[in-house]
Every structure is written in C-alpha cells, then in structure tokens.
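K.L.:
3D, please:
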Amino acid sequence: QRVKECLTVEGCDIDLTAKLRTIPAHKTKGRKTMHLVPLTSQAVELLTMLISLEGAGWLFPSRAGSKGAIMGIPSVSRGASRMAGIIAFQPRDLRRTWKSRAGDAGIDRFTRDLIQQHARTDTGSKHYDRYDYLPQMREAMAKWEAWLALTLAEKELLADIAA
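P.N.:
The predicted structure follows:
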C-alpha cells in the first residue's frame, strides 16, 4: 500500500479473524472509496503484536513530544537503514518492488493493480463494476506469501552454504 496508508493504520482498521485491513476512504489517495486489503499470516502475526502494544489507535505513533500523531516517512527510512544489511531506501521503493516481485510470484497485473488500489479507468470498471474481487486478492496474497517464504528460504540456504 502507499506509505502514508501504511503509517496511518489503526488497530481498529484491522480484522485479525478475517485477515483483512480496511483502509477508510479518507485515508486513501483518492479519498472516494474505502479499500480492503487481505492480510497474509505473516502480516496478521506482526499486526497482532502491534495491536497488543498500541490498541485500537495508531499502530505507528510518533515519539512522545513530536509534532505529528504518526511516525514520519523519514523516520521509517532512517530506522530501517540502521538495521544490519539494509541499505538506505525510500519507503515508496517498497511499493514498486512489491509490484515487480508479485509478478515473479505469478500474480497477474490486474490483481496486483487491485491490491495496490490503482485506478480502473475503463468505462465498465469505473461506472458499472462494483465487485470487490476479495477472493482473487486473497488468493493472490496466499500466492505471494508462499513465494516470499520460498525465496527467503532459498536465500538463507545459499548464505549457509557460503558460510
């Protein structure tokens, strides 16, 4: 999702049982319609921990004494770059990288666009199609989770062999 949409997630936006995040319309880029995001098991595990710490409010609050209510975008990249093996990056790079790697995982472009809430501008989609495509997005996220787990396991195996 977009960086700002990730930073403004609140515990109340997450349905851990349904493995679903609802992004209210006012938090989306177009501010017109809400967006449903199916969550992987890994995401549910992380969000469960965050919700246990932060409750129903902001899951990425700013530090005490900061001006804003949520963590700022520069804080994300600075914090991540302090982690071992992470080179400096712009958080928006993650969105572009996911789009490409999800294609490697076998997720078709239409479904990737749905997950990333890209505008459907053709007449049929814009004016008539009100289907939410949630089953297709859930299937895609399951495919993504399996591909990611396999890719990380392969990289770990290669690192073990090299060591």
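K.L.:
I'd like the next helix or strand past the lowest-mean-pLDDT helix or strand in the chain.
P.N.:
Least confident helix or strand, the chain: helix 73-81 with a mean of 76, by mean pLDDT, DSSP states H and E. Once the chain leaves helix 73-81, the next helix or strand it forms, by DSSP states H and E, is helix 92-104.
K.L.:
just the CA atoms of whichever helix or strand comes after that next one, as CSV, please.
P.N.:
Once the chain leaves helix 92-104, the next helix or strand it forms, by DSSP H and E, is helix 109-115. Taking Å, rounded to 0.1, in the frame of the first residue of the first chain, the C-alpha atoms of helix 109-115 are listed here in CSV:
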residue,chain,number,x,y,z
ARG,A,109,-1.2,-7.5,-13.3
PHE,A,110,-5.0,-6.9,-12.9
THR,A,111,-4.9,-8.4,-9.4
ARG,A,112,-1.7,-6.6,-8.5
ASP,A,113,-3.4,-3.3,-9.5
LEU,A,114,-6.5,-4.2,-7.4
ILE,A,115,-4.3,-4.9,-4.3
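K.L.:
average pLDDT across helix 109-115?
P.N.:
Per-residue pLDDT over helix 109-115 has a mean of 95.
K.L.:
ok, and for that helix, which residues are buried?
P.N.:
111-112, 114-115 (16 or more other CB atoms under 10 Å). Any C-beta I mention is one placed from the backbone N, CA and C, and that applies to glycine too.
K.L.:
now for these: which two are most distant?
P.N.:
Using CB to CB, those span at most 7.3 Å, a distance reached by Arg112 and Leu114.
K.L.:
what is in contact with those two at once?
P.N.:
In terms of CB atoms under 8 Å, 6 or more residues apart in numbering, Arg112 and Leu114 are not both contacted by any residue.
K.L.:
any stretches of this structure with poor pLDDT?
P.N.:
Regions of the chain meeting the criterion pLDDT under 70 cover residues 65, 84.
K.L.:
now the strands for it?
P.N.:
Using DSSP state E, the strands found in the chain span residues 14-15, 20-23, 35-38.
K.L.:
in its sheet, what does the last one sit against?
P.N.:
Strand 35-38 has the following sheet partners, assigned by DSSP bridges: strand 20-23 (antiparallel).
K.L.:
same question for the first one.
P.N.:
The sheet places strand 14-15 alongside strand 20-23 (antiparallel), with pairing taken from DSSP bridges.
K.L.:
got the phi/psi numbers for the nearest residue to Asp129 once chain neighbours are set aside?
P.N.:
Using CB to CB, 6 or more residues apart in numbering and skipping the chain neighbours, the partner closest in space to Asp129 is Arg120 (7.2 Å). With angles defined as degrees, to the nearest 10, Arg120 sits at phi -100, psi 110.
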